[in-house]
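Enquirer: need a 3D model of the sequence below.
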Amino acid sequence: MREPGAGEFPKAREDVVVSGCFSELAATPATFAQLRDLAATLDGAYRFREIILVVDDTSREAFLDIVREVPNIRLFVVRRGTEYYDRRVIAAEEAIGDLVILGNLDEIAALDVLAFLNFAESRNAVTMAFRPARRPFKRALAWPFIALGKLAGFNVDPAEFQSIAVPRTLLNLLLAHDEPRLALRFPPRDPRLPREWFRTAANVESRTAFTGIARRLALLQTLLVYLTPTILTVVAISSTILTLVGLAYAAWIIGALLLVERLAEGWLTTNAMLAVSAVFMGFSTLGLSLGLQHLLKQQRRLKAGLVPEEVNRIDLFQQVAFDLNVVLESDTPAPPPEG
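Expert: Have a look, this model is predicted:
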């Protein structure tokens, strides 16, 4: 009987901890089956892994069975209605892995997840799943988001896959971004954050042009809010121009009053009011925009305190330390203490 070769049963890697983070899950048998398959796939390649689930508090009981069945699944519950992008931030902040997958479970089930992780690790880049074949109609619907994203400094395309694979160092940079909700979905244009595309022919049936309309409206609002500093800068510049025009108009009125012998009845009061209104509106809007910019800079580093509840606690660090610890026992008795 032939003994198996050394390469026929590759040993699971022990030098990397992998985290899979999912923040949009339905409590269905299909979801639980995908979680089991993902755990089995990761366990075959990595000795240490965790799966983080962020679900509504109303779905807590439905996920307890899969938590008990599959080891190292961490379940977090949040208030119902918590925004999708906030949930991704929660999952990413709780992940402890050296390699982290953050995304959609249906997409991960359709992808070669091990190749996805290996690609991100080998390139040391924020890796996004990309499917070249797309319908022109979906691209047309995405162009307003793409344009706003470029203005805001993000690579925004809602038609792309939601799943990313990222090494720990780059994940820390994404979380430290001024707007981590957007950064974790659409990596910013930053030289410190190299981006790579993991091309796949996989097609996810649940992804259509009209899926998640409410989320896309929320994305549009978030992009506009993030563009507030830019908009305020434009407002400040236009207000300054309006003030200068008002002052110049007032100077022209004074010149006309001094040089023209006879002015039409009501001309002076009408134009004086126009000049005063222009100067007042310019100064007022300029002051408000500068004040808001100052407040935004003061509050730029503050983040909303979204505190989820962790249903089950696992100590993966302790497990790693226990599994990798080697205790050497000597047959030689220890010498008696001196004195």
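
Enquirer: use CA for all of it now, contacts and neighbours both
Expert: Will do.

Enquirer: any idea whether Thr127 is helix, strand or coil?
Expert: Under DSSP: H, G, I helix; E, B strand; the rest coil, Thr127 falls in the strand class.

Enquirer: what's opposite it in the beta bridge?
Expert: Judged by DSSP bridges, the bridge partners of Thr127 are Ala165, Glu196.

Enquirer: could you number the chain from 10 rather than 1 from now on?
Expert: All set: I'll call the first residue 10, so the last point we hit is now Thr136.

Enquirer: go ahead and confirm it touches Leu202.
Expert: No: the criterion here is C-alpha atoms under 8 Å, and Thr136 misses it with Leu202 at 10.2 Å.

Enquirer: neighbour count: the two, which is higher?
Expert: Using other C-alpha atoms under 10 Å as the criterion, Thr136 and Leu202 rank with Thr136 on top: 25 against 18.

Enquirer: for the more buried one, what are its contacts?
Expert: Shown in contact with Thr136 (C-alpha atoms under 8 Å, 6 or more residues apart in numbering): Phe125, Phe128, Ala129, Ile173, Ala174, Val175, Arg204, Glu205, Trp206, Phe207.

Enquirer: and the furthest pair within those?
Expert: Greatest spatial distance in the contacts of Thr136: Phe125 and Arg204, 13.4 Å, computed using C-alpha to C-alpha.

Enquirer: those two: who's more crowded?
Expert: Phe125 (23 against 20).

Enquirer: and the more buried one, how far from Thr67?
Expert: Computed as C-alpha to C-alpha, to the nearest Å, the Phe125 to Thr67 distance reads 32 Å.

Enquirer: mind listing what Gly53 touches?
Expert: Contact analysis of Gly53 by C-alpha under 8 Å, 6+ apart lists Ala21.

Enquirer: now do the domain split for this structure, please.
Expert: 24-222, 237-307 (automatic domain parsing).

Enquirer: tabulate those domains in a markdown table, adding columns for mean pLDDT and distance to Leu229.
Expert: Output for the domains of the chain, formatted as a markdown table (pLDDT from 0 to 100; distance: least, C-alpha to C-alpha, whole Å):
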| stretch | mean pLDDT | distance to Leu229 |
| --- | --- | --- |
| domain 24-222 | 85 | 7 |
| domain 237-307 | 83 | 13 |
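
Enquirer: which one of the ones you listed is the most hemmed in?
Expert: With neighbours taken as mean count of other C-alpha atoms under 10 Å, the domains of the chain reach their highest mean count in domain 24-222, at a mean of 18.

Enquirer: how far does that one sit from its chain's centre?
Expert: From the chain centre to the centre of domain 24-222 is a distance of 9 Å (C-alpha atoms, centre = their mean, to the nearest Å).

Enquirer: so how far is the first residue of it from its last?
Expert: The first and last residues of domain 24-222 sit 41 Å apart, counting by C-alpha to C-alpha.

Enquirer: just the strands in the stretch 160-309 of the chain please.
Expert: With strands called from DSSP state E, counting those that start in this stretch, the stretch 160-309 of the chain shows them at 173-176, 204-208.

Enquirer: and Ala104, how far from Glu23?
Expert: 18 Å.

Enquirer: would TSV of the domains of the chain with distance to Leu228 be doable?
Expert: Converted to TSV, the domains of the chain look like this (distance: least, C-alpha to C-alpha, whole Å):
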stretch	distance to Leu228
domain 24-222	8
domain 237-307	14
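
Enquirer: could you dump the strands of the stretch 160-309 of the chain to JSON lines with distance to Phe195?
Expert: Output for these, formatted as JSON lines (distance: least, C-alpha to C-alpha, whole Å):
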{"stretch": "strand 173-176", "distance to Phe195": "9"}
{"stretch": "strand 204-208", "distance to Phe195": "10"}
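
Enquirer: that older thread, pipe the contacts of Thr136 into CSV and attach distance to Gly29 per row.
Expert: CSV is the format used below for the contacts of Thr136 (distance: C-alpha to C-alpha, whole Å):
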residue, distance to Gly29
Phe125, 12
Phe128, 16
Ala129, 14
Ile173, 10
Ala174, 9
Val175, 11
Arg204, 19
Glu205, 19
Trp206, 19
Phe207, 17
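
Enquirer: just give me the closest of those to Met290.
Expert: Distance ranking of those against Met290, using C-alpha to C-alpha, places Arg204 first at 45.1 Å.

Enquirer: once you drop chain neighbours, what's closest to the closest one?
Expert: Among residues not flanking Arg204 along the chain, Val135 sits closest, at 4.8 Å (C-alpha to C-alpha, 6 or more residues apart in numbering).

Enquirer: so that neighbour touches Arg177, yeah?
Expert: No: Val135 lies out of contact with Arg177 (C-alpha under 8 Å); the separation is 10.0 Å.

Enquirer: tell me the SS of Leu111?
Expert: On the basis of three-state DSSP, Leu111 is classed as strand.

Enquirer: hang on, it packs against Cys30?
Expert: Yes: between Leu111 and Cys30 there is a contact at 4.8 Å, judged by C-alpha under 8 Å.

Enquirer: which residues do the two both contact?
Expert: When contacts are counted by C-alpha under 8 Å, 6+ apart, Leu111 and Cys30 are jointly contacted by Arg97, Ala100, Ala101.

Enquirer: mind checking which of those residues are in helices?
Expert: Arg97, Ala100, Ala101 (DSSP state H).
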